[in-house]
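> Build the 3D model from these lines:
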Amino acid sequence: MTGQARTIAFLRQLAQPNLPEQTYPRYPLSVTESVSLGRDPRCQIVLDPLIYRSVSRRHAEVSPILSFSNAAGGDRFWQVCDLGSANGTYVNGQRLKGCQVLQPGDCIMLGQDGPRFVFECETSMEPLPEVPPVKGARLPNLPLHRSSLRPTQPPPARTPYHHESDQVSWTQLFPIFSTGRHLRAKAYLVPGIATVTFVVSLFLSVGDPGLFNMLLAAYLAGAAYYFIYQLCGKNKPWWLLLASAATTALLLVSPVLDLFIYVFRTVLPGSLPGHDASVSIPVLLIKMFFGAGLMEELLKAIPILIACVLGMGLRSPLRERLGVREPLDGILLGSASAVGFTLVETLGQYVPEIYKATLTAGEGAAQLASLQLLIPRVMGSVAGHMAYSGYLGYFIGLSVLRPRRRWRILLVGYLTAAILHTLWNVTGTISPVLLAVVGVMSYAFLGAAILKARELSPTRSQNFATRFYQ
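The predicted structure is shown next:
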């Protein structure tokens, strides 16, 4: 059969849009053995685990179909199979279920936005190792692109994938020496360090209720914000997020708050009723809308607007890193601003008020009542202040992406955030069930905004948030 035309197949890796330009080799495919792709060093095509985090250890496999050949014995056929990967294998944009026969030009992608390979074939006159087809098995006029082929006889049993051994390596006994460099990225090392630090600090602050409450509130607010940060999936400098929270906290203890109170609660009909005052629900809605919803949401939006203005005067890449260039930026800065608002409001107003109100029952009872108020208020900020401010931040970021509709976008976002805030305050005086419904609805609005912001993000390929697949 020497000199007969034969098919030679390759996998050619395509450049990633978010990675530096480089030349990738073409990987030849064997006509007798399978070629596996993944992060495991024992794969035939090994992908860097620090770059391709969505790729499984053994993600997919391209193998020849040994039981089929044409009449001349020259054509070969290959199929790609998913190996139970976490993020799936895609062929021409469609998620692969099981195996699929490949045609020249098919694009194989390991996970959404993962590494991409193009299946290519060439004809060569050079002699290649022959694999005798199963007698009588042919492939006449079968649709190769969307069908799965089943040989008339089962292919030879493959050599098992041996990954176990009786020997125990040094890194298996002491994993820290081999996985230590991945701890920060994959094992939440920084949150673990923060948790241990706060626990030790709480032990040291026992006996000082004020310091204990402040540390506990800071940790709970940080944990709630970290949850939103992970959902957003965009890197933002930690000091910038702290600056957003600190700016709002400073505004609350500055004359700016007096100006806001004068405008929204004196000039506008937003004077809040006292605890013992009895007002109708419609009147309460109006007062809360102006005196809490509109006023507080505008106050919390100031750090986002400042970042917008500062970002305009910066050059790329500082403009994208420090400014507000998309909805995800607005959500992250808005939620961080809400952290500062929640801490000052809870520790500076509500906790002291309930402490004084219950002090007649004893100092221990007053401290317990303060703690019982602090925990749900700070944890509930995910469905409260963080939800409203993050949602408004989405619209501020969207107005940057769609400047021609800026004022309409800002008006819709501002009014929606204020209405959600108003409903939370009003239902809290009516029924705990209604309060829970509004809380869930507020979080749903924020979650929907985060998902849409990730979809609209110009840097969506760099997003590290958890991906959900059907």
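> secondary structure class for residue 11?
Following DSSP: H, G, I helix; E, B strand; the rest coil, we place residue 11 in the strand state.
> For residue 221, give me its contacts.
Residue 221 is in contact with 339, 342, 343, 378, 381, counting by CB atoms under 8 Å, 6 or more residues apart in numbering. Where you see a C-beta, it was placed from the backbone N, CA and C, and this is true even at glycine.
> And the strands in the stretch 251-400 of the chain, which stretches?
With DSSP state E, counting those that start in this stretch as the criterion, the stretch 251-400 of the chain has no strands.
> which residue ranges form the helices in it?
255-262, 281-288, 295-312, 318-322, 327-345, 351-357, 363-379, 385-401 (DSSP state H, counting those that start in this stretch).
> Need the buried ones from the contacts of residue 221 selected in PyMOL.
Those of the contacts of residue 221 that count as buried under 16 or more other CB atoms under 10 Å are selected in PyMOL with:
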select buried, resi 339+342+343+378+381
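> Let me have the contacts of residue 221 in a markdown table, adding pLDDT and distance to residue 236 as columns.
Formatted as a markdown table, these follow (pLDDT from 0 to 100; distance: CB to CB, whole Å):
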| residue | pLDDT | distance to residue 236 |
| --- | --- | --- |
| 339 | 97 | 14 |
| 342 | 96 | 19 |
| 343 | 96 | 19 |
| 378 | 93 | 22 |
| 381 | 91 | 19 |
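> picking that back up, going by mean pLDDT, which of the helices of the stretch 251-400 of the chain comes out lowest?
Across those, helix 318-322 has the smallest mean pLDDT, namely a mean of 87.
> For it, list every residue counted as buried.
Counting neighbours by 16+ other CB under 10 Å, helix 318-322 gives residue 322 as buried.
> what residues are up against residue 388?
Contact partners of residue 388, counting by CB under 8 Å, 6+ apart, are 297, 300, 338, 417, 418, 420, 421, 442.
> Can I get the helices of the stretch 251-400 of the chain in TSV including distance to residue 56?
Shown next, in TSV, are these (distance: least, CB to CB, whole Å):
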stretch	distance to residue 56
helix 255-262	52
helix 281-288	51
helix 295-312	38
helix 318-322	31
helix 327-345	27
helix 351-357	48
helix 363-379	35
helix 385-401	32
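> Okay, buried residues for stretch 106-120 please.
In stretch 106-120, counting by 16+ other CB under 10 Å, buried: 106, 108, 109, 110, 111, 113, 114, 115, 117, 119, 120.
> start to end distance for it?
End-to-end span of stretch 106-120 (CA to CA, to the nearest Å): 8 Å.
> Quick check: which ranges of the chain have low pLDDT?
For the chain, applying pLDDT under 70 flags the ranges 1-5, 17-23, 67-75, 124-167, 169-171, 177-186, 275-276, 461, 466-470.
> one more time with 50
Scanning the chain for pLDDT under 50 picks out 1-2, 70-73, 128-165, 467-470.
> domains of it?
Listed by automatic domain parsing, the domain ranges of the chain are 6-124, 183-460.
> Export the ones you listed to CSV and append columns for distance to residue 174.
CSV is the format used below for those (distance: least, CB to CB, whole Å):
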stretch, distance to residue 174
domain 6-124, 19
domain 183-460, 14
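> for the ones you listed, which one sits closest to residue 176?
With CB to CB, the closest approach to residue 176 among the domains of the chain belongs to domain 183-460: 8.1 Å.
> Off-centre distance for the closest one?
20 Å (CA atoms, centre = their mean, to the nearest Å).
> Any idea which of the domains of the chain gets closest to residue 172?
Of all those, domain 6-124 comes closest under CB to CB, at 14.8 Å.
> In the helix or strand hosting residue 225, which residues are buried?
Element membership for residue 225, per DSSP states H and E: helix 209-232. Across helix 209-232, burial judged by 16+ other CB under 10 Å covers 209, 212-225, 228-229, 231-232.
> for stretch 329-346, same thing?
Residues 329-346 are the ones in stretch 329-346 that count as buried (16+ other CB under 10 Å).
> Surely residue 83 touches residue 58?
Yes. Residue 83 lies in contact with residue 58 (CB atoms under 8 Å); the separation is 5.0 Å.
> Spatially central residue in this structure, please.
The chain has residue 465 as the residue nearest its centroid, 2.0 Å off, counting by CA atoms, centre = their mean.
> so what's that residue up against?
Contacts for residue 465 were tallied using CB under 8 Å, 6+ apart; they are 230, 231, 232, 233, 454.
> wait, which of these is closest to residue 436?
When the contacts of residue 465 are compared against residue 436 (criterion: CB to CB), the nearest one is residue 231, at 20.9 Å.
> so what's the nearest residue to that closest one once chain neighbours are set aside up against?
The shortest distance from residue 231 to any non-neighbouring residue, by CB to CB, 6 or more residues apart in numbering, is to residue 450 (5.1 Å). Counting by CB under 8 Å, 6+ apart, residue 450 touches 228, 231, 232, 328, 331, 390, 394.
> how much space between the first one and residue 189?
For residue 228, the distance to residue 189 equals 20 Å [CB to CB, to the nearest Å].
> swap in the fifth one?
In this view, residue 331 and residue 189 are 25 Å apart by CB to CB.
> can I assume residue 109 sits in a strand?
Yes. Residue 109: assigned to a strand according to three-state DSSP.
> Give me the neighbour count for residue 287.
When neighbours are defined as other CB atoms under 10 Å, residue 287 has 22 of them.
> if we can go back for a sec, turn the contacts of residue 221 into TSV, columns for distance to residue 371.
Below are the contacts of residue 221 laid out as TSV (distance: CB to CB, whole Å):
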residue	distance to residue 371
339	19
342	16
343	15
378	11
381	16
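> Which one (most neighbours) among the contacts of residue 388?
Busiest of the contacts of residue 388 [other CB under 10 Å] is residue 300, holding 33 neighbours.
> does it really touch residue 391, like I thought?
No. Here residue 300 lies out of contact with residue 391, judged by CB under 8 Å, at a distance of 11.0 Å.
> Common neighbours of these two, please.
By CB under 8 Å, 6+ apart, residue 300 and residue 391 have these common neighbours: residue 334.
> any idea whether residue 90 is helix, strand or coil?
Put simply, residue 90 is strand when judged by three-state DSSP.
> Dig out what it forms beta bridges with.
The partner list for residue 90 in beta bridges (DSSP bridges) reads residue 95, residue 109.
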